[in-house]
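S.K.: Got a predicted model here, sequence first, then my questions.
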Amino acid sequence: MAGLDKVVTSYEQALAGLADGMTIIAGGFGLCGIPEGLIAQIKKMGIRDLTVVSNNCGVDGFGLGILLENRQIKKMISSYVGENELFEKQLLSGELEVELTPQGTLAEKIRAGGAGIPAFFTATGYGTPIGEGKEVREFHGRQYILEESVTGDFAIVKGWKADRYGNVIYRHTARNFNPLAATAGKITVVEVEEIVEPGELDIDNVHTPGIYVDRIIQGTFEKRIERRTVRSQEA
Amino acid sequence: MLTREQIAMRVAREMRDGYYVNLGIGIPTLVANYIPKGMQVMLQSENGLLGMGPFPTEEEVDADMINAGKQTVTAITGASIFDSAQSFAMIRGGHVDLTVLGAFEVDVMGNIASWMVPGKLVKGMGGAMDLVAGAENIVVTMTHASKTGESKLLPKCTLPLTGAGCIKKVVTDLAYVEIRDGKFWLIERAPGVSVDEIVKLTAGEMVVPEVVPEMSF
């Protein structure tokens, strides 16, 4: 790495500095658009007591689920969990803490965190258990609750293509939380399918500008499908 | 009594040409099969797709193209893709014309409970709280009563809420009901279901007009 070149060639380099007790913001929706190699490296590093901010927590044996197996996660901040049995077990035994957060609020917490906005008001969750204990303010005759934003020590992101300067594009619905996560890590690491030279990406269609990105690594992806649904050819 | 498909068919009548629509998981998903002919509608999937199409063929399956239920889907011509913050900006900002979702309970104040049963493992609310807080036009689909005959249309929700004062339309297996002025209003009844049966299975106060037309399919 030199100058604006963000490319690293090993997963050790990609996650150097990640330590026990840190907060990680992870992109992905279900198993779609998850940084598979970075998650595997976190498992390999064996670091513990992690707080992970991610919409979901993978499945048994894949995605963030492998970090649960290793008991590396202390707390999840997610909108929907429990696609995995292990999650349920660790939750019931008290090993794991979960802060359930409405999906749009979660997205906005990460977006705001990356944008330097410490908190925001939203109608989402007002009058529900999510609003309990939170500041309420009325605007234009409607009640809103104050939600604090989040940032991470690390953000782990899955992109489609990146150039060496860290400009990233995502593919289809693998975009999801990834561009938001990319803005909210003190150190943002992006794992991509292909690294290209600066100038090869269409500058009008860069999804994550390189300023947010610290390290780029090329990965290989299984891209496991959670619910394979198909229609017959003639339908 | 309406079948799941008939509930979806009745909900589909709330669609208008040019609508952007978010369909929840379960019966609401079926509504996509009954979009009235000649009507152009775009389906929003909150993981970041506007213009969701049918399931792919085997050859079209793409791990990078899924819906909010994590099922593989396709995109229609004219679709767009965006990140989750943008997706919920559409939802929270009130840009979605119609939202359809399921529920455990609704009450006369328009409260909805759909995500949490105390004592059971809570998996999360996903995008449901954002959807009910952001949408003006919401249709709830649910069975009118539990299998043991306990009403799910209540004076006051007993389960933790998903949203407060946000529901105005409910399609059940027995009736189409509107909520206003702190009451349920019986608008239409399912074929072969009497007004008495519906009233009996509605725990919250229900206004019954002189004529309650029967739905036809």
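M.R.: Ah, there it is.
S.K.: So B:Gln40 is in contact with B:Gly18, correct?
M.R.: Yes - using CB atoms under 8 Å, B:Gln40 is in contact with B:Gly18, at 6.1 Å. Any C-beta I mention is one placed from the backbone N, CA and C, and that applies to glycine too.
S.K.: List the buried residues in the helix or strand of chain A with the lowest mean pLDDT.
M.R.: Lowest mean confidence among the helices and strands of chain A (mean pLDDT, DSSP states H and E): helix A:85-92, at a mean of 84. Residues of helix A:85-92 classed as buried: A:86-87, A:90-91 (neighbour count, 16 or more other CB atoms under 10 Å in any protein chain shown).
S.K.: can you list the residues that contact the helix or strand just after it?
M.R.: Downstream of helix A:85-92, the next assigned helix or strand under DSSP states H and E is strand A:97-100. Strand A:97-100 has contacts (CB atoms under 8 Å, 6 or more residues apart in numbering or on different chains) with A:74-79, A:81, A:91, A:130, B:122, B:124-125.
S.K.: now stretch B:14-25
M.R.: With CB under 8 Å, 6+ apart as the test, stretch B:14-25 has contacts from B:29, B:31-32, B:35-36, B:38-46, B:50, B:68-69, B:90-91, B:95-102, B:128, B:131, B:135, B:137, B:139, B:169.
S.K.: Counting residues, which helix of chain A comes out longest?
M.R.: Under DSSP state H, the helix in chain A containing the largest number of residues is helix A:103-114.
S.K.: who's in contact with B:Thr29?
M.R.: Residues near B:Thr29 by CB under 8 Å, 6+ apart: B:23, B:69.
S.K.: 10 Å instead?
M.R.: B:Thr29 is in contact with B:8, B:23, B:43, B:67-69, B:71, B:100, B:102, counting by CB atoms under 10 Å, 6 or more residues apart in numbering or on different chains.
S.K.: So which of those is surrounded by the most neighbours?
M.R.: B:Val100 (30 neighbours; other CB atoms under 10 Å in any protein chain shown).
S.K.: Chain neighbours aside, what residue packs nearest to the most centrally placed residue in chain A?
M.R.: Chain A has A:Ala26 as the residue nearest its centroid, 2.0 Å off, counting by CA atoms, centre = their mean. Leaving out its chain neighbours, the residue that sits closest to A:Ala26 by CB to CB, 6 or more residues apart in numbering or on different chains is A:Ser54, at 4.0 Å.
S.K.: go on, B:Phe184?
M.R.: B:Met206 (4.3 Å).
S.K.: roughly how far apart are the one you found and chain A?
M.R.: Distance, B:Met206 to chain A, using CB to the nearest CB, to the nearest Å: 23 Å.
S.K.: burial count for that residue?
M.R.: 18.
S.K.: I figured it hits B:Val199, correct?
M.R.: Yes - the pair B:Met206 and B:Val199 passes the contact test of CB atoms under 10 Å, sitting 5.8 Å apart.
S.K.: Now narrow the buried residues of helix A:85-92 to whatever sits close to chain B.
M.R.: A:87, A:91 (CB under 10 Å from any CB of the partner chain).
S.K.: Name the nearest of the buried residues of helix A:85-92 relative to chain B.
M.R.: A:Leu91 (7.3 Å; CB to the nearest CB).
S.K.: tell me the contacts of that closest one?
M.R.: Contacts of A:Leu91 by CB under 10 Å, 6+ apart are A:68, A:76, A:81-82, A:97-98, B:121-122.
S.K.: just B:Thr72 next, same as before
M.R.: B:Thr72 touches A:32, A:225-230, B:55-56, B:60-66, counting by CB under 10 Å, 6+ apart.
S.K.: Out of the residues you listed, which sit inside strands?
M.R.: In strands, defined here by DSSP state E, there are no members of the contacts of B:Thr72.
S.K.: Looking at those, which one is closest to B:Ser114?
M.R.: Nearest to B:Ser114 among these, counting by CB to CB, is A:Arg227 at 20.7 Å.
S.K.: Can you check the pLDDT for the residue nearest to B:Phe184?
M.R.: We have a pLDDT of 98 for B:Met206.
S.K.: ok, now which ones touch it?
M.R.: B:108, B:153, B:175, B:177, B:183-186, B:195, B:198-199.
S.K.: Over to B:Leu98?
M.R.: B:11-12, B:14-16, B:19-23, B:31, B:41, B:44, B:135-139, B:169.
S.K.: quick one: the nearest residue to it once chain neighbours are set aside and chain A, what's the gap?
M.R.: Using CB to CB, 6+ apart and skipping residues adjacent in sequence, the residue nearest B:Leu98 is B:Val21, 4.6 Å away. Remark: distance between B:Val21 and chain A (CB to the nearest CB) = 17 Å.
S.K.: helix or strand for B:Val21, which one?
M.R.: Element membership of B:Val21 [criterion: DSSP H and E] is strand B:20-23.
S.K.: can you map out the strands along chain A?
M.R.: Under DSSP E, chain A gives strands at A:23-26, A:50-53, A:73-78, A:97-100, A:119-122, A:136-139, A:142-148, A:152-163, A:168-169, A:185-196, A:215-218.
S.K.: B:Asp64 is in contact with A:Lys223, isn't it?
M.R.: Yes - using CB under 10 Å, B:Asp64 is in contact with A:Lys223, at 7.2 Å.
S.K.: Between these two, which contacts overlap?
M.R.: Common neighbours of B:Asp64 and A:Lys223, counting by CB under 10 Å, 6+ apart, are A:32-33, A:158, A:174, A:193.
S.K.: Also near chain B: which of those residues, exactly?
M.R.: Of those, the ones that also sit near chain B (CB under 10 Å from any CB) are A:32-33, A:158, A:174, A:193.
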